[in-house]
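Enquirer: one predicted model, sequence on top.
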Amino acid sequence: MKHQMPNSFPAYLVEKTGAGQSLKQTELTVNDLMEGDVTVQVEWSTLNYKDGLALTGSAPVIRQFPLIPGIDFAGSVLQSSHAGFQAGDKVILNGFGVGEAHHGGYASVAKVSGDWLIKLPAPLSTRQAMAIGTAGYTAMLCVMALQNHGIQPKDGDILVTGATGGVGSIATILLNQLGYRVVAVTSRPTQSADFLRSLGAQDIASRDAFSGTAKPLSKALWAGAVDVAGGDTLANVISQMKRDGAVAACGLADSMNLPTSVAPFILRNVTLYGIDSVMASLDKRQQAWQGLVDHLDWPLLETLTTEISFDELPQKAAEILQGQVAGRLVVKIPT
């Protein structure tokens with residue numbers, strides 16, 4: 001069975017220029033796409049921080065030109081020669097270099113390897129899947145790392161950095177739903193306090209408290225932490241972990257550097273988990289998405305979710321890098 005394949009479709013294309021890169025909206029055909037055994041009608045995508053970097057060229061996220069950006073999408077299978085999928089299946093894609101080295105989700109049609117896809121878990125819609133997006137899926141991987149480490153709500157507070165962003169906001173919701181006491185870190189504690197408390201944060205901490213040079217060991221405050229920042233922020237978080245605590249690190253919004261010492265690791269038995277959402281195994285992906293279905297507060301997620309049009313992507317990409325976006329942005333892909 002084959003669903004109707006469009007003759008041409010709208011897409012964003014990033015091209016290499018002498019000054020870096022350029023972004024344009026254009027019309028492509030299926031023949032313009034890369035190899036893949038599953039062709040998908042993209043219904044929804046999302047705008048993550050990483051997408052903002054890719055669209056603006058602020059960091060070398062895109063590794064092959066020209067490229068359709070967009071690191072995740074959800075939609076319906078148009079054609080498939082992969083044994084696991086057939087036309088009409090609803091699917092999700094996160095990671096695997098899509099939007100970096102393989103054409104991504106900012107187009108009406110995507111052609112990818114079926115090994116990169118998972119079926120949309122019931123009862124999610126494709127829009128809800130992208131309200132979660134790579135940010136929410138990464139947040140769940142972080143929460144799973146802390147749970148698998150054995151951290152329980154009775155063990156103490158969980159710190160979440162970048163708590164107004166996509167990963168941080170959904171991590172805060174999930175942890176609260178699971179019974180943990182969350183302390184949310186933000187650069188705008190006064191302005192963001194009500195928003196963060198609505199997600200389930202019990203206390204608010206200023207990012208400034210984590211911005212200086214970290215001591216080898218500071219006062220032990222946190223049983224666990226989810227960090228999206230890296231750099232001095234992560235170094236300070238690590239120095240403040242309780243004995244046997246764990247940090248799930250999934251981002252580098254501050255820096256890729258980590259100016260820390262071995263002291264927290266060998267004197268407090270602290271564990272640092274690196275969270276790789278791009279190449280995570282199929283089993284881990286399915287576990288994460290099922291965890292999101294089971295534990296996410298859906299009405300609350302909807303209040304965090306703003307729908308933007310395809311045409312707004314360049315403007316919103318700049319805004320997300322400037323810290324002007326709270327919560328999740330879902331992108332309606334034209335069909």
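Expert: Everything's here; your move.
Enquirer: centroid-nearest residue for this protein?
Expert: With distances taken as CA atoms, centre = their mean, the residue of the chain nearest its centroid is Ala135 (1.9 Å).
Enquirer: how near is that one to Gly156?
Expert: Applying CB to CB, to the nearest Å, the value for Ala135 to Gly156 is 25 Å. C-beta: built from backbone N, CA, C; applies to glycine.
Enquirer: same thing with His102?
Expert: For His102 relative to Gly156 (CB to CB), the value is 42 Å.
Enquirer: helix or strand next in line after the lengthiest helix in the chain, which one?
Expert: Criterion DSSP state H: the longest helix present in the chain is helix 126-149. Once helix 126-149 ends, the next helix or strand along the chain (criterion: DSSP states H and E) is strand 158-160.
Enquirer: tell me which residues touch Gly136, please.
Expert: Residues in contact with Gly136 (CB atoms under 8 Å, 6 or more residues apart in numbering) are Gly166, Val167, Ile170, Leu292, Leu296, Leu301, Arg328.
Enquirer: 7 Å - rerun?
Expert: Gly136 sits next to Gly166, Ile170, Leu292 when contact means CB atoms under 7 Å, 6 or more residues apart in numbering.
Enquirer: also Ala220?
Expert: Contact analysis of Ala220 by CB under 7 Å, 6+ apart lists Gln240, Met241, Lys242, Arg243, Arg268.
Enquirer: please repeat the previous calculation with a cut-off of 8 Å.
Expert: Ala220 makes contact with Gln240, Met241, Lys242, Arg243, Gly245, Arg268, according to CB under 8 Å, 6+ apart.
Enquirer: how about Ser206?
Expert: Val185, Thr186, Ser187, Pro189.
Enquirer: going by distance to Glu27, which of these wins?
Expert: Nearest to Glu27 among the contacts of Ser206 is Ser187, at 40.1 Å by CB to CB.
Enquirer: identify the residue nearest that closest one in space, chain neighbours excluded?
Expert: Sequence neighbours aside, Arg207 is the residue nearest to Ser187 in space, at 4.3 Å (criterion: CB to CB, 6 or more residues apart in numbering).
Enquirer: pLDDT (mean, whole number) over stretch 132-140?
Expert: With pLDDT averaged residue by residue, stretch 132-140 scores 94.
Enquirer: buried stuff in that stretch?
Expert: Counting neighbours by 16 or more other CB atoms under 10 Å, one finds that the buried residues in stretch 132-140 are Ile132, Gly133, Thr134, Ala135, Gly136, Tyr137, Thr138, Ala139, Met140.
Enquirer: same thing with stretch 13-24?
Expert: Of all the residues in stretch 13-24, those buried under the rule 16+ other CB under 10 Å are Leu13, Val14, Gln21, Leu23.
Enquirer: who does the last one bridge with?
Expert: When bridges are called by DSSP bridges, Leu23 pairs up with Val14.
Enquirer: that one against Lys16, yeah?
Expert: No - Leu23 is beyond contact range of Lys16, at 11.4 Å (criterion: CB atoms under 8 Å).
Enquirer: all helices for the stretch 1-150 of the chain, in order.
Expert: For the stretch 1-150 of the chain, helices defined by DSSP state H, counting those that start in this stretch occupy the ranges 49-56, 126-149.
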